Every structure is written in C-alpha cells, then in structure tokens.
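Chemist: Need coordinates for the following:
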Amino acid sequence: MRRLPYLLLTLLLAAPGTVEAQRSAPLPTQPWTVGGKVGFDAQTDDMVLGVETRIPLPLPGRFAVQLGADWTFLEILTERQFTADLLYDLGAVAIGGGPVFRNSVWLDGDVPPSGDLDDARETRTGYSLVLSLGGPLGRGSPWGVAIQYRMIWVEGFSPRALTFGLQVAPGRLF
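Modeler: This next block holds a predicted model:
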C-alpha cells in the first residue's frame, strides 16, 4: 500500500494526453465545493474520516484554498487534525500544501495520573503536502470525486493519508 501514491503519480504522468490536453484546453472556473472523505493512514492502516471545502481564489492562475478536518481512528484514541492548503488547481490534478494542526497524545508527554488519555492531549503544528486527482463527474455536474494523498510532518511524526472523497458544488445544485 505504501507504493500506491507513486503508482498513481506514475500513471498520471505516463498518460501523455492528460497533461497536454489540460495545457491546450481552457479550464472552466472551478466552483466552491464541500465534501466528505474516507481512507486510511498508509503507515498504520488506521481509518481516516474527514470533511473539507475548496474555495477558488480570484487570483491569476488556478489557485484555491482547501480547508479540512480529519479524524484518524487509532486503537486507543482518535487523533484530530485541521489543514489549510493553498492549491494550484489544473482541473483534474491539484497540488499544494500548508499548515497542519494535529491534536493527539504525543509519546514524549507523560500520561496523567488519572490515566485518562484525553487529559494528555496536545495540539502541535506542522505542515503537509497534498496531491489530489479528480474533479466533477461531468461538465456542469454539481457532484465530484477525488483521490488525495497527503504527506504530513509534525515534530518528527509523519503520517501519510490516502483518502477517497465525494464533493458537491452547492451553487450548481439548483
């Protein structure tokens, strides 16, 4: 499973028409989207659930801000994470990164006398890089899908999440 992100990237780059078609055709304006995602941490095989929103920016080029919240379900606790990414959006491919705020019980901390792990929680900051493949299910469709691979670095801790998401563009629903 650790090689899956490399396989996806290789397949994308191996399809010469994909990148060339994106360069030659004008890209439609991407709408504001909200959605959910499900996947796993590629290093621990623990389940990841999340929500996110992608907001296009009125800048030259194809930039968007993506805000997300994720929960990683470990055996004895649930880690919480907030991300804020600046993405360069090419249509079917988006790449970017930004700050990460991860709430967990860190191994260097002392377990509280009560033994309650929630008392030992701490939020630490770091950064992440994300590669997203996907887009609307059809021209003008309010529904879209995405496969995302996220690499995270928070003080020596570096999970890798692979998620599959479903988005909706509220402005295209009605």
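
Chemist: Now stretch 145-163: average pLDDT?
Modeler: For stretch 145-163, the per-residue pLDDT values average out at 94.

Chemist: again with stretch 119-138
Modeler: The model assigns stretch 119-138 a mean pLDDT of 92.

Chemist: Going forward, the N-terminal residue is numbered 253.
Modeler: Sure thing, new numbering starts at 253, so read that last one as stretch 371-390.

Chemist: All the helices of the chain, in order from the start?
Modeler: Ranges of helices in the chain, per DSSP state H, are 256-266, 268-276.

Chemist: Setting the sequence-adjacent residues aside, check what's closest to Leu301.
Modeler: Trp323 (5.2 Å; CB to CB, 6 or more residues apart in numbering). All C-beta spots, glycine's among them, are computed from the backbone N, C-alpha and C.

Chemist: Worst mean pLDDT among the helices of the chain?
Modeler: helix 268-276 (a mean of 49).

Chemist: Test my guess that the residue nearest to Leu301 contacts Gly302.
Modeler: Yes: between Trp323 and Gly302 there is a contact at 6.8 Å, judged by CB atoms under 8 Å.

Chemist: The two: which is more packed in?
Modeler: Using other CB atoms under 10 Å, the more surrounded residue of Trp323 and Gly302 is Gly302, with 21 against 14.

Chemist: Would you quantify the distance from that one to Ser393?
Modeler: 22 Å (CB to CB, to the nearest Å).

Chemist: can you pull the contacts of Trp358?
Modeler: Glu374, Arg376, Glu407, Phe409 (CB atoms under 8 Å, 6 or more residues apart in numbering).

Chemist: To clarify, my last question referred to Gly291.
Modeler: Neighbours of Gly291 in contact, by CB under 8 Å, 6+ apart: Met299, Val300, Gln400, Ala413, Leu414, Thr415, Phe416.

Chemist: Can you select the buried ones from those residues in ChimeraX?
Modeler: Only the buried entries of the contacts of Gly291 go into this ChimeraX selection, using 16 or more other CB atoms under 10 Å:
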select :300,400,413,414,415
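
Chemist: Sheet-wise, list the partners of the longest strand seen in the chain with their directions.
Modeler: Longest among the strand segments of the chain by residue count, using DSSP state E, is strand 374-388. In its sheet, strand 374-388 lies beside strand 345-356 (antiparallel), strand 395-405 (antiparallel), with partners assigned from DSSP bridges.

Chemist: Restrict it to CA atoms and write it as CSV.
Modeler: C-alpha atoms of strand 374-388 as CSV (Å, rounded to 0.1, in the frame of the first residue of the first chain):
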residue,chain,number,x,y,z
GLU,A,374,-1.9,18.4,23.0
THR,A,375,-2.2,20.2,19.6
ARG,A,376,1.0,20.6,17.7
THR,A,377,1.6,22.3,14.4
GLY,A,378,3.5,21.3,11.3
TYR,A,379,2.9,21.3,7.5
SER,A,380,1.6,19.0,4.8
LEU,A,381,1.8,18.4,1.0
VAL,A,382,-1.2,17.1,-0.9
LEU,A,383,-1.8,15.7,-4.3
SER,A,384,-5.4,15.5,-5.4
LEU,A,385,-6.7,13.7,-8.5
GLY,A,386,-10.3,14.0,-9.7
GLY,A,387,-13.0,16.6,-10.4
PRO,A,388,-16.6,17.0,-11.4
